[in-house]
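Asks: quick one: sequence plus predicted model below, questions after.
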Amino acid sequence: MNQQYSQQNQESNPGQFGSFTFYGETPEVSQTEDSTEIQPDSAQSKSFPLAMASIGDKLLIVKLKGSDGTVRRLIGMGFVSGIEVQIISNSGGSVIVAMGDNRIGLGAGMAQKIMCTN
């Protein structure tokens, strides 16, 4: 009976799975890297890789670098231009960042592809 209810529930609500509702896919990203860039104000400093940030820094993401697949992966994790992140830990290029109430760990390679500014 429970399996039948579950199957009927999924058929009547195709976008719903458990307590999560899926509204769409990862946003489309064009082939150029410039599509994920925010122009920083002249008062802001130049951008630098997230891997070079210090613990406690609050940074603004301005650009994502890398292949189309890498950029899509970063966007899927919530790293989009204009988002503020705070550095929780930085050791040898690997970084743990806070995005709101979430904590995300990145390896050195991925952290190098996220360009930030203060």
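Replies: Yep, it's here. In this text, all values refer to a predicted model and were calculated from it rather than measured experimentally.
Asks: shaky segments in the protein?
Replies: Applying pLDDT under 70 to the chain flags residues 1-45.
Asks: could you pull out the helices for it?
Replies: Here the chain has its helices, by DSSP state H, at 2-12, 68-76, 108-112.
Asks: which residues sit against the shortest one?
Replies: With Cβ atoms under 8 Å, 6 or more residues apart in numbering as the contact definition, helix 108-112 has outside contacts at 49, 50, 51, 65, 70, 74, 92, 93, 94, 95. C-beta coordinates here come from the backbone N, C-alpha and C atoms, glycine included.
Asks: turn those residues into TSV, including neighbour count and distance to residue 109.
Replies: As requested, those are exported to TSV (neighbours: other Cβ atoms under 10 Å; distance: Cβ to Cβ, whole Å):
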residue	neighbour count	distance to residue 109
49	16	10
50	25	11
51	21	9
65	15	11
70	14	9
74	21	11
92	8	12
93	16	8
94	15	9
95	26	11
